[in-house]
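# give me the fold of what follows.
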Amino acid sequence: MTRYRTLMIRGRIVSANRTVDDGVVVISGERIDAVYSIAQWRAAYPDLSDPPHAGTVLPGLVDIHNHGGFGYRFDTVTGAHARAAARAHHAGGSTTVVASVVTGPAAQLVAQTAMLRELVEEGTLGGIHLEGPFLAEARCGAQDPRFIRDPDPELTERLLCAGGGQIRMMTLAPERPGYPAVVQRLTESGVRIALGHTDADYPTFHNALRPSGSGSMVTHLANAMPPLHHRNAGPVAAALVATAAGAVTVELISDGVHLDPGFVALVFAAAPGRVALVSDAMAAAGCADGDYRLGAQPVTVRDGVARTADGSIAGGTSTLWQCVVRAVRESGIPLREAVLAATATPAGALGLSEVGDLRQGQLADLLTVDADLQLRRVLRRGQWLS
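Next comes the predicted model:
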């Protein structure tokens with residue numbers, strides 16, 4: 001049995017609810033016991049010497065759209081491979097990872113979901129995200145078009161059964177026949193509805209979003225959907241309008257490949273507090289250029305960019321922390337806003353109530369970084385990973 005000790009980590013604390021220029025996070029076992037300013041800590045522990053300064057202390061990152069990395073994939077039925085991907089991302093700062101599964105044959109999707117469920121139940125993963133197969137062929141991106149289909153109640157039931165309550169989110173195209181019935185069933189089961197891989201026009205997309213519809217998430221905004229245009233606003237505009245009502249969270253992949261830095265800045269300005277940074281990482285994240293797979297699709301990575309044979313971007317090759325750093329350096333997003341978008345916002349969007357912030361009672365997940373935003377150490381569940 002693991003024996004825990006009390007940890008006291010001092011630094012500049014940047015979290016969802018506050019910034020403390022000089023503070024201490026006190027950790028007992030797997031949980032945060034308290035967060036103090038240095039003056040409060042000295043009053044609470046008058047007999048102890050000040051802890052060493054660790055740099056900037058941030059909550060552990062929450063990556064809600066991740067297909068794998070470091071040579072391993074989540075679209076597999078081999079638990080050891082999925083564990084390896086999750087643990088590598090943990091060590092890279094994403095202490096909570098929601099595993100994303102791409103479109104494939106129905107039986108394969110069910111088997112992959114059942115395997116990932118076990119990893120959620122053991123605490124390795126934070127949940128499951130099904131990115132397909134109820135998507136638009138015209139906007140399938142790197143998804144295999146052979147297996148894309150209309151929303152199917154029977155397959156939905158099989159997936160829900162295999163997931164055993166661990167499916168946190170499913171991406172669907174709202175224009176497909178059968179969408180309303182499947183969305184109702186998913187919502188009844190507590191699954192968040194993400195709209196994406198869609199060719200919908202503005203009215204269709206707008207009507208599918210809360211409060212008028214059931215969609216509460218938008219999968220990688222601007223990718224795999226019609227572009228924003230002043231005479232054809234499309235789903236990008238509909239999503240940004242919906243965020244103003246506080247009902248919708250939009251994913252952004254700020255890896256320098258999927259989006260221009262100016263677009264990232266635009267969305268942060270238009271949707272404060274409603275942006276969830278995601279990595280969309282695939283097996284090549286953390287690895288060299290070469291040949292990989294995303295689902296059934298062969299993928300080639302050149303100069304750090306993953307593409308299928310037809311040129312479609314095939315997921316990301318960055319970690320979520322690298323996306324945070326790019327948002328700060330290239331898009332000019334203040335650190336606290338970028339951290340919020342990679343911690344409390346995605347955690348709240350998927351109902352992950354024990355992670356995403358530094359406050360009493362939360363799981364003890366945190367990062368320390370230096371003044372240049374270089375990752376120093378990662379703590380997960382009260383244990384140092386690096």
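# report the secondary structure state of Ala306.
Three states are possible here, and by DSSP: H, G, I helix; E, B strand; the rest coil the one that applies to Ala306 is strand.
# wait, it sits on Ser318?
No. Here Ala306 lies out of contact with Ser318, judged by CB atoms under 8 Å, at a distance of 10.4 Å. C-betas here are computed from N, CA, C, even on glycine.
# and the contacts of the longest strand seen in the chain?
Under DSSP state E, the strand in the chain containing the largest number of residues is strand 19-28. Contacts made with strand 19-28 from outside it, assessed by CB atoms under 8 Å, 6 or more residues apart in numbering, are listed as 4, 6-13, 32-38, 41, 51, 53, 57, 336, 358, 364, 366, 379, 382.
# remind me which residues of the protein are low pLDDT?
With pLDDT under 70 as the threshold, the chain has low-confidence stretches at 1-5.
# so what's Tyr72 up against?
Taking CB under 8 Å, 6+ apart as the definition of contact, the neighbours of Tyr72 are 81-82, 84-85, 88, 283.
# distance-wise, check the closest residue in space to Leu335 that isn't next to it in sequence relative to Leu266.
Using CB to CB, 6 or more residues apart in numbering and skipping residues adjacent in sequence, the residue nearest Leu335 is Val328, 5.6 Å away. When CB to CB, to the nearest Å is the yardstick, Val328 and Leu266 sit 16 Å from each other.
# okay, now Asp280: neighbour count?
As a burial measure, Asp280 scores 30 neighbours (other CB atoms under 10 Å).
# thought it was touching Gly315?
Yes. Counting by CB under 8 Å, Asp280 does reach Gly315; the two are 5.1 Å apart.
# if any of the contacts of strand 19-28 are buried, give me the PyMOL selection for them.
The command below creates a PyMOL selection of those among these that count as buried (16 or more other CB atoms under 10 Å):
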select buried, resi 7+8+9+10+11+12+13+32+33+34+35+36+38+41+51+57+358+364+366+379+382
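# show me what contacts Ile32?
Applying CB under 8 Å, 6+ apart, the residues near Ile32 are 25-26, 358-364.
# okay, and it sits in which element?
strand 31-37 (DSSP states H and E).
# run the angle between that strand and strand 19-28 for me.
Following axes from the mean of the first three to the mean of the last three CA atoms, to 10 degrees, one obtains 150 degrees for the angle between strand 31-37 and strand 19-28.
# show me what counts as buried in the next helix or strand after strand 31-37.
The helix or strand immediately downstream of strand 31-37 is helix 38-44, counting by DSSP H and E. Of the residues in helix 38-44, 38, 41 count as buried by neighbour count, 16+ other CB under 10 Å.
# which neighbours does the very next helix or strand once past helix 38-44 have in its sheet, and in what orientation?
Moving toward the C-terminus from helix 38-44, the next helix or strand (DSSP H and E) is strand 53-59. When sheet partners are counted by DSSP bridges, strand 53-59 sits next to strand 7-14 (parallel), strand 366-369 (antiparallel).
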